[in-house]
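# whatever this is, show me its structure:
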Amino acid sequence: RAELQQLKVQLDPHFLFNALNTLTAEIPERPEVALEMVQGIAAYMRYCLDHMDRSACPLVDEIEATRAYLRIQELRFDAALTCSVEHDPEAEDFPVPHLILQGLLENAVKHGLRPTTGAPLRINVAAHLVDGALDIMVSNPGIYAPGRETAGGLGLINIRRRLELHYPGRHHFAIGQDGERVVARMILQGAPCFA
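Coordinates of the predicted model:
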């Protein structure tokens with residue numbers, strides 16, 4: 001439990017600072033966008049604080065946090081980013097580790113945005129039940145570079161360790177190339193050990 005709490009605290013919060021800086025720039029020029037950003041940031045922070053003392057939550061809560069986080073990013077990057085989030089309604093009560101998708105979402109935004117191409121970044125998040133297991137995929141355009149996992153930061157290392165602790169021998173986590181998209185996939189079987 002202590003290690004899980006430590007791993008949860010490590011989750012990179014600098015998206016909040018980036019969002020607040022963007023918000024500051026939007027206030028004078030696009031106050032309606034700034035207002036929506038404030039509401040999105042508040043919703044996301046509420047989720048983080050409401051679940052601070054819990055290691056796990058129902059998938060539906062994590063999906064709502066995912067939508068709030070991605071909406072903040074859509075507002076931040078305007079037309080350069082679009083997102084879709086889908087899930088099976090029957091999977092809504094499936095327990096998942098709190099904020100388990102945040103690192104994947106941050107990577108999708110960070111590594112998926114390519115200002116030189118001019119094409120918008122499309123991030124897709126999908127969660128489905130398959131034979132009683134929860135199958136979650138996060139995908140974005142790009143070229144997968146495995147060295148980024150260890151060179152860039154702790155996000156993926158954090159996810160791997162949290163999955164090992166919550167689902168020992170009952171999970172699968174992989175990132176790879178699928179055509180022109182990078183796909184991160186996790187499969188979770190049963191309830192997490194620390195709920």
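
# neighbours of residue 58, how many?
14 (other C-beta atoms under 10 Å). Glycine gets a C-beta too; all of them are placed from N, C-alpha and C.

# and for residue 139?
Neighbourhood size, residue 139 [other C-beta under 10 Å]: 20.

# need the pLDDT of the closest residue to residue 98 other than its chain neighbours.
Nearest non-adjacent residue to residue 98, counting by C-beta to C-beta, 6 or more residues apart in numbering: residue 51, 4.6 Å away. If you check residue 51, the pLDDT there is 74.

# tell me who's in contact with residue 51.
57, 61, 98, 99 (C-beta atoms under 8 Å, 6 or more residues apart in numbering).

# over to residue 96?
Residues near residue 96 by C-beta under 8 Å, 6+ apart: 56, 57, 58, 59, 62, 134, 136, 188, 192.

# show me the helices in the chain, by range?
Secondary structure of the chain (DSSP state H): helices at 2-10, 14-29, 31-50, 59-77, 102-112, 148-151, 155-166.

# return the helix or strand in the protein with minimum mean pLDDT.
Every helix and strand in the chain was compared by mean pLDDT, DSSP states H and E; the lowest is helix 148-151, with a mean of 50.

# okay, now residue 62: neighbour count?
Residue 62, neighbours per other C-beta under 10 Å, totals 27.

# who wins for proximity to residue 174 among the helices of the chain?
Checking these against residue 174 by C-beta to C-beta gives helix 155-166 as the closest, at 10.3 Å.

# that closest one packs against which elements?
Secondary-structure packing of helix 155-166 (3 or more C-beta pairs under 8 Å, 6 or more residues apart in numbering; DSSP states H and E): helix 2-10, strand 95-97, helix 102-112, helix 148-151, strand 171-178, strand 181-188.
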